[in-house]
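Trainee: Okay, structure incoming, though there's no sequence with it:
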């Protein structure tokens, strides 16, 4: 009986996120698909910092990608049956909001409310900070975090994301493997059923294919 309980226990997973990402919003609204098998810890990072560290750019920064990506988000929200509204402008700075989530050691209820403020209410927390705090269940006079240790923790989270193989959000890390994007939920579920996947010859080769450029 004890062996059965141990085998049924969920594995640990880390979920790196930034509320700037609509795809992270779509992901957390589907996380129930994983939660019976994975104990997922939400970890706030700075997506801009991760992009700089990995020589990457978001689709919102690439003019040709913006309309395609944003219109795809509208379609995906309809497909998933989720409420969705773009904020006043995008992208926008999320430093203060992400620091607040670090400061509060935000668990899923608060994380979800933070995403809903942006992607359901369609608001930029920087333009309505007291309302954002109230939406999270905090006092309206909660100041923007400025403590050195909070700043350092957010930077450390972002560095940990890079070290874990993340180059964007949403990223779920399982057993040292990074699954990036809302469309990798099924891949993560298949990995849980086939934990030796990444040691298979085809996967090992695919992870080391040399560039021809």
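Mentor: Thanks, I have the structure now. The shown structure was predicted, so the numbers you read here are calculated from the model rather than taken from an experiment.

Trainee: make it CA atoms for all contacts and neighbour counts henceforth
Mentor: OK.

Trainee: Let me know the secondary structure of the nearest residue to residue 117 once chain neighbours are set aside.
Mentor: The shortest distance from residue 117 to any non-neighbouring residue, by CA to CA, 6 or more residues apart in numbering, is to residue 123 (6.1 Å). The local conformation at residue 123, judged by DSSP: H, G, I helix; E, B strand; the rest coil, is coil.

Trainee: So which residues of this structure form helices?
Mentor: Using DSSP state H, the helices of the chain run over residues 2-8, 22-28, 32-35, 47-53, 66-80, 95-103, 108-119, 129-135, 148-163, 185-193, 201-206.

Trainee: where does the chain dip in pLDDT?
Mentor: Counting by pLDDT under 70, the chain has low-confidence residues at 1-8.

Trainee: Rebuild the helices of the chain as TSV, extending it with mean neighbour count and distance to residue 212.
Mentor: Converted to TSV, these look like this (neighbours: other CA atoms under 10 Å; distance: least, CA to CA, whole Å):
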stretch	mean neighbour count	distance to residue 212
helix 2-8	9	44
helix 22-28	22	31
helix 32-35	14	37
helix 47-53	18	24
helix 66-80	14	28
helix 95-103	21	38
helix 108-119	19	40
helix 129-135	18	48
helix 148-163	17	25
helix 185-193	15	27
helix 201-206	11	14
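
Trainee: Just send those back as CSV, with distance to residue 170 too.
Mentor: Shown next, in CSV, are the helices of the chain (distance: least, CA to CA, whole Å):
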stretch, distance to residue 170
helix 2-8, 26
helix 22-28, 5
helix 32-35, 14
helix 47-53, 10
helix 66-80, 14
helix 95-103, 14
helix 108-119, 12
helix 129-135, 22
helix 148-163, 11
helix 185-193, 10
helix 201-206, 22
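
Trainee: and residue 76, how far is that from residue 205?
Mentor: Distance of residue 76 to residue 205, given as CA to CA, to the nearest Å: 32 Å.

Trainee: Please give me every residue in contact with residue 130.
Mentor: Neighbour list for residue 130: 139, 140, 141, 142 [criterion: CA atoms under 8 Å, 6 or more residues apart in numbering].

Trainee: change it to 7 Å
Mentor: 140, 141 (CA atoms under 7 Å, 6 or more residues apart in numbering).

Trainee: coming back round to it: and the helices of the chain: which comes nearest residue 41?
Mentor: Closest of the helices of the chain to residue 41 is helix 108-119, at 8.4 Å (criterion: CA to CA).
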